[in-house]
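**Student:** Here's my sequence, what's the structure:
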Amino acid sequence: MIEEEELCARANELGSHLKQRLESIRQRTPEIVDVRGSGFMVAMEFNTADGKAPNPEFTNRVRAEAQKRNLILLTCGVYGNVIRFLAPLTIQDDVFAEALDIIEASIDAAKEA
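**Tutor:** Take a look at the predicted model:
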């Protein structure tokens, strides 16, 4: 099934798209200090705007803003300052695009709070 459905290629395609979008947001969001991952399992780490300390408060604001928009995000990491993305490989492209838009809007709203 994995080969037949080309799920490895799908994981790489989705992960690449997600990382590109997050890196684009990172360019204007100093709180994002790292975007990392392999395939479609990606994480985004938040620190204070000066980059010197973990920022779980900002991370929780992003999570809460996403939840208001009906997207569930998981925080993780030793300091609770990381959001991990791991969606099904069978996610529909339009649903994935909507999730990316919600993530971006949630980060922007967290910056304004």
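**Student:** Show the contacting residues for residue 66.
**Tutor:** 72-73, 102-103, 106 (CB atoms under 8 Å, 6 or more residues apart in numbering). Yep, even glycine has a C-beta here, placed from its N, CA and C like the rest.
**Student:** One more pass at 7 Å, please.
**Tutor:** If a contact means CB atoms under 7 Å, 6 or more residues apart in numbering, then residue 66 has 73, 102-103, 106 as its contacts.
**Student:** try residue 47
**Tutor:** Counted by CB under 7 Å, 6+ apart, residue 47 has contacts 31, 33, 53-55, 81.
**Student:** and residue 46, how many neighbours?
**Tutor:** By other CB atoms under 10 Å, the residues close to residue 46 number 29.
**Student:** How about it: which residues does it bridge to?
**Tutor:** Beta bridges link residue 46 to residue 32 when assigned by DSSP bridges.
**Student:** from memory it sits against residue 57, does it?
**Tutor:** No. With contact defined as CB atoms under 7 Å, residue 46 does not reach residue 57; the gap is 9.0 Å.
**Student:** Distance of residue 84 relative to residue 36?
**Tutor:** 10 Å (CB to CB, to the nearest Å).
**Student:** Mind listing the shared neighbours of the two?
**Tutor:** residue 43.
**Student:** Now do the strands in the chain.
**Tutor:** Secondary structure of the chain, counting by DSSP state E: strands at 32-38, 41-46, 74-76, 82-85.
**Student:** Quick one: closest of the ones you listed to residue 18.
**Tutor:** Comparison of the strands of the chain against residue 18 by CB to CB identifies strand 41-46 as nearest, at 5.2 Å.
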